[in-house]
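Visitor: A structural model of the following input is requested.
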Amino acid sequence: MFDSHKTQSVIRRVAIVGSGLAGLVTATRLRAAGVEVTLFEKSRGPGGRMAAKRLPEPAGGSADIGAQYFTIRNPEFRQFLDQYAGPSAYGEWNGVFRYQDSEQGWQDMRSAQRYVGIPRMSAITRAISRDLDVRSGIRIARLKRDSDGLWQLRDTDGKVYERFDAVVLTPPPAQTVELLSGSGLAELAGDLNIRVSHMQACWTVVLHFPEGAGATFQALMPDSRRLHWIANNSSKPGRDDEGEWWVLHADPDWSDAHTDTAPEQVREELLEEFRACSGITALHRESLVHRWLYARPRARTTPGHLWFRDSRLAIAGDWLEGGRVEGAYNSASGLVGRLESEGLIPTSR
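Guide: This next block holds a predicted model:
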């Protein structure tokens, strides 16, 4: 399919599609190895699943509508955060966290260190991207290799970005497959479909309680067909909110079954379930609804990253490493480590 004889042995210039944590870690590690990197982001700024949404006035503020917190099991992940985001960009979220057992009722969640960005989850990705070349508001529509075996990227406005030795794709799998298929790379798209499972959707509802909700807990995981997660976003460190903002994440299976349901109906159904599960009777004043089409992978055992050496094309993301925030770091770090081991880039450490 590709003429690998025209490909340079060393990777000097890389295009990364997507500036979530996986894209940013890949870019940072490659840049440390002396590789020139350009990131293309369809949204207004970096973040991916570590997204925070600005909230309506008069209450204002922001709420974490994607990942609610993250853990640190890999010590290298902490070192990376401290070096490139800074210790002040994240902190530990303490409080009362409970889950509902169908037989034993409400139980305390297992003790763990849960971290969040400060003053919002996106503070981490914003800080990491500070010294990177991130081209925001650009949706890449097509990939193509030129006569020298170098990659060209074309955006939806028809603008072409040329002469990259390699391309790294970090969007969710459905978007990655769409890009590969639209680029005439049906073989790679088919291989990706075989290797990874379907991503599940997630409806998110955010509620504002001007006088607070009166709860004695910070987060709940109810035994519910409709709701998966309930959290007081304002209880996280660094949030300076008037009143309290609460975040509700719907059950993945329920979200899949209601992908095309009107947002107003979703809000009412999840609000009803929220009151039933939490016992909160306070009245909210503001609300917003957000739909994540590609929120979490069904499968937890995944390949970490994908590297197609002959084409100099790679795929990375948390969905290839179990779906956790730290999985994005592990996926990207594993990919860069592989490029180092194959002698395609200098060692970045």
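
Visitor: Is residue 101 bridged to anything, and to what?
Guide: residue 105 (DSSP bridges).

Visitor: residues near it, how many?
Guide: When neighbours are defined as other Cβ atoms under 10 Å, residue 101 has 10 of them. (Each C-beta comes from the backbone N, C-alpha and C, glycine too.)

Visitor: Isn't it up against residue 107?
Guide: Yes. Using Cβ atoms under 8 Å, residue 101 is in contact with residue 107, at 5.4 Å.

Visitor: per-residue pLDDT, residue 275?
Guide: On the pLDDT scale, residue 275 is placed at 97.

Visitor: any idea how far it is from residue 318?
Guide: Per Cβ to Cβ, to the nearest Å, residue 275 is found 32 Å from residue 318.

Visitor: Was I right to think residue 275 contacts residue 284?
Guide: No. Counting by Cβ under 8 Å, residue 275 does not reach residue 284; the two are 10.1 Å apart.

Visitor: quick one, which of these two is more surrounded?
Guide: The neighbour count for residue 275 versus residue 284, taken as other Cβ under 10 Å, is higher for residue 284 (19 against 12).

Visitor: Identify the residues contacting stretch 34-44?
Guide: Contacts to stretch 34-44, defined as Cβ atoms under 8 Å, 6 or more residues apart in numbering, come from residues 11-19, 23-24, 26-27, 30-31, 46, 129, 132-140, 153, 155, 161, 164, 345-346.

Visitor: Residue 121: what's its closest spatial neighbour, skipping adjacent residues?
Guide: Once flanking residues are discounted, residue 121 sits nearest to residue 64: 4.2 Å by Cβ to Cβ, 6 or more residues apart in numbering.

Visitor: ignore the last one, residue 77
Guide: Counting by Cβ to Cβ, 6+ apart, the residue nearest residue 77 is residue 329, at 4.7 Å.

Visitor: tell me what the helix or strand where the one you found lies is packed against?
Guide: Assigned by DSSP states H and E, residue 329 falls within helix 325-341. For helix 325-341, the packing partners by 3 or more Cβ pairs under 8 Å, 6 or more residues apart in numbering; DSSP states H and E come out as helix 21-32, helix 75-84, strand 305-308, strand 313-316.

Visitor: ok, now which ones touch residue 221?
Guide: Here residue 221 is in contact with 98, 99, 100, 109, 228, 229, 230 (criterion: Cβ under 8 Å, 6+ apart).

Visitor: what's across from it in the sheet?
Guide: residue 99.

Visitor: what would the helices and strands packed on helix 325-341 look like in JSON lines with mean pLDDT and mean neighbour count?
Guide: Shown next, in JSON lines, are those (pLDDT from 0 to 100; neighbours: other Cβ atoms under 10 Å):
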{"stretch": "helix 21-32", "mean pLDDT": "98", "mean neighbour count": "26"}
{"stretch": "helix 75-84", "mean pLDDT": "98", "mean neighbour count": "15"}
{"stretch": "strand 305-308", "mean pLDDT": "93", "mean neighbour count": "21"}
{"stretch": "strand 313-316", "mean pLDDT": "96", "mean neighbour count": "26"}
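
Visitor: Could I get these in CSV, plus columns for distance to residue 203?
Guide: Formatted as CSV, the helices and strands packed on helix 325-341 follow (distance: least, Cβ to Cβ, whole Å):
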stretch, distance to residue 203
helix 21-32, 23
helix 75-84, 29
strand 305-308, 29
strand 313-316, 27
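
Visitor: Relative to residue 248, which of the ones you listed is closest?
Guide: Nearest to residue 248, of all the helices and strands packed on helix 325-341, is helix 21-32, at 23.4 Å by Cβ to Cβ.

Visitor: Show me what that closest one packs onto, helices and strands only.
Guide: Helix 21-32 packs on strand 13-17, strand 36-41, helix 75-84, helix 122-128, strand 313-316, helix 325-341, going by 3+ Cβ pairs under 8 Å, 6+ apart.

Visitor: Export those to CSV and append columns for distance to residue 243.
Guide: Converted to CSV, the helices and strands packed on helix 21-32 look like this (distance: least, Cβ to Cβ, whole Å):
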stretch, distance to residue 243
strand 13-17, 39
strand 36-41, 32
helix 75-84, 30
helix 122-128, 21
strand 313-316, 39
helix 325-341, 27
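
Visitor: Mean neighbour count, those: which tops it?
Guide: strand 313-316 (a mean of 26; mean count of other Cβ atoms under 10 Å).

Visitor: Parallel or antiparallel, which strands does that one pair with?
Guide: Strand 313-316 is paired, per DSSP bridges, with strand 166-169 (parallel), strand 305-308 (antiparallel).

Visitor: Sweet, I'm off.
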